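Novice: pasted the sequence and its predicted model underneath.
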Amino acid sequence: APIETDPAIVTELVERSRASIAALRRDIRARTGPALFDFLLEAFQEHKRVLGDPLSMQAIMAGMEATWWLNDRLREWLGEKNAADTLTLSASGNITSEMGLALLDVADVIRPHPEVVAFLQGAEDDGFLDELPRFAGGTEARRAIEAYLDRYGMRCVGEIDITRPRWRERPATLVPVILDNVRNFEPGAAERRFEQGRQVAREKAQEVLERLRALPDGERKAAETERMIDRVRTFIGYREYPKYDIVSRYFVYKQALLEEAGRLVRAGVLAEEEDVFYLTFQEFHDVARTGRVDDELIRRRRDAFRSYHALTPPRVLTSDGEAVTGAYRRDDVPAGALVGLPVSAGTVEGRARVILDMTRADLEAGDILVTVHTDPSWTPLFVAVSGLVTEVGGLMTHGAVIAREYGLPAVVGVVDATRLIRDGQRIRVHGTGGYVEILP
């Protein structure tokens, strides 16, 4: 059922999540051995309860349905295509877009200190934070990075996989992005960027409402649209919060499980902590209970996992194991253009940066990010680019949501984009039309 357009609903949901995770952190501390696994089985039920909270589902759908309503009605009434892309710029409460902007604030702390910048340019070891206080401004820099990690350190590329190293575990992952921000932006860029997006959205809303009022039955259409604009800006940011809740819990689980793995290593049961990554939860539980492990099983699974890296998954795989192939049918794009799905309106030209590993990003202002797919961990790169092209994605995947939040023209679902677009080529991204042109 629909819910009222009330920002207090989002505030309540966020507070519920924070309280639940705080309780998890508190209660898990003293658990070891089989008792840890018994506790986690109960914690997983709380996890499911939070994620399945009907009010949370209603809030997510309220934002999405308002987006669809605005796009459908404004296209019908005004001929506006994807109008919601502009109307949702700098919506409040989007934890993922805030994460990208917050790293700009970290860069502001570091930028005035040349010794810190020079040190970070050569920092590859994850222990670099301990070295920072040796340099002028290093204590402030460390404090800023630590505060960022306290808020977002549970995130990483492929974060839904609990075994992937988190930013808190590998903080050097963020150094290239911080240095790009130091180089490409002026102080205060985060606040200016957010406010600029909010102003553009406000102006777009005023323009749309004025045009609607000039139509037959315009006052009714304008009133309905104004209510939907308020609704989308109230709820669309929350769409990102449940994933933040998930990975926050995952990191608490992981830390506790790795501590248990460390205990087993010290007891001579396991060769190394990461061996548990090749066990199911129940198998790990049994090892903790019996003090015995099947080393051959771990070896086979490790070898199998390595072999999987050579595989290319199909774009569509049915539950029966059938790989489905197909192609776009579009008559409204220029010859030679790469076709995809329009997810964030606008057109932009720039240098394509084909990046498969965010730790190897070397971006200049105005570059267009071309990659296979993005998840929330890629958001810090979005603040430095002017457009986005991905091979995989959809209208409501994270990359699309954040592209709209930041006002970046974006096309997703572009088959073989990272192969067909060469790094350094100039391209034109048509975020409204859903295609990409490779320029001479």
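Specialist: Yes, it's here.
Novice: looking at the chain, which helix or strand is least sure?
Specialist: Least confident helix or strand, the chain: strand 316-317 with a mean of 86, by mean pLDDT, DSSP states H and E.
Novice: ok, then the element right after it?
Specialist: Note on strand 316-317: by DSSP states H and E, the next helix or strand toward the C-terminus is strand 323-324.
Novice: okay but L13 is in contact with Y241, surely?
Specialist: Yes - taking Cβ atoms under 8 Å as the definition, L13 is a contact partner of Y241 at 7.1 Å. Quick note: C-beta positions are derived from backbone N, CA and C, even for glycine.
Novice: any figure for the gap between the residue positioned nearest the centre of the chain and G340?
Specialist: Using Cα atoms, centre = their mean, the residue of the chain that lies closest to the mean C-alpha position is P376, 0.9 Å off. Applying Cβ to Cβ, to the nearest Å, the value for P376 to G340 is 21 Å.
Novice: same question, R220
Specialist: According to Cβ to Cβ, R220 stands 36 Å off from G340.
Novice: among the two, which residue is more densely surrounded?
Specialist: Using other Cβ atoms under 10 Å, the more surrounded residue of R220 and G340 is G340, with 27 against 12.
Novice: could you measure from the more buried one over to G413?
Specialist: 4 Å.
Novice: for P342, give me its contacts.
Specialist: The contact partners of P342, taken as Cβ atoms under 8 Å, 6 or more residues apart in numbering, are 82, 411, 430-434.
Novice: part of a helix, is it?
Specialist: No - looking at P342 with DSSP: H, G, I helix; E, B strand; the rest coil, it is strand, so not inside a helix.
Novice: pLDDT score for it?
Specialist: Per-residue pLDDT puts P342 at 95.
Novice: for it, give the beta-bridge partners.
Specialist: Beta-bridge pairing for P342 (DSSP bridges): V411.
Novice: quick one: contacts of whichever strand or helix holds R419?
Specialist: Under the criterion of DSSP H and E, R419 resides in helix 417-420. Helix 417-420 is contacted from outside by 338, 340, 354, 356, 370-372, 389-391, 436, 438, using Cβ under 8 Å, 6+ apart.
Novice: show me what counts as buried in it.
Specialist: If you call a residue buried by 16 or more other Cβ atoms under 10 Å, then helix 417-420 has these buried ones: 417-418.
Novice: mind checking what helix or strand follows it in sequence?
Specialist: strand 426-430.
Novice: would you map the helices across the stretch 301-440 of the chain?
Specialist: Using DSSP state H, counting those that start in this stretch, the helices found in the stretch 301-440 of the chain span residues 379-382, 398-406, 417-420.
Novice: quick one: which of those is nearest I162?
Specialist: helix 398-406 (18.2 Å; Cβ to Cβ).
Novice: for that closest one, give the mean pLDDT please.
Specialist: Per-residue scores along helix 398-406 average to 89.
Novice: ok, now which ones touch E210?
Specialist: E210 touches nothing, counting by Cβ under 8 Å, 6+ apart.
Novice: buried sites along the helix or strand hosting it?
Specialist: For E210, the element it lies in under DSSP H and E is helix 189-213. In terms of neighbour count (16+ other Cβ under 10 Å), helix 189-213 has its buried residues at 189-190, 193-194, 197, 201, 204-205, 208-209, 211-212.
Novice: what's the angle from that helix to helix 398-406?
Specialist: 80 degrees (axes from the mean of the first three to the mean of the last three Cα atoms, to 10 degrees).
Novice: helices or strands next to the helix or strand following helix 189-213 in the packing?
Specialist: Counting by DSSP H and E, the next helix or strand C-terminal to helix 189-213 is helix 218-235. Counting contacts by 3 or more Cβ pairs under 8 Å, 6 or more residues apart in numbering; DSSP states H and E, helix 218-235 packs against helix 7-28, helix 54-78, helix 84-87, helix 189-213.
Novice: can you list the low-confidence ranges for the stretch 201-350 of the chain?
Specialist: Across the stretch 201-350 of the chain, no stretch falls below the confidence threshold (pLDDT under 70).
Novice: adjacent strands (with direction) for the longest strand seen in the chain?
Specialist: Counting by DSSP state E, the longest strand found in the chain is strand 347-354. Note on strand 347-354: by DSSP bridges, its sheet partners are strand 367-371 (parallel), strand 426-430 (antiparallel).
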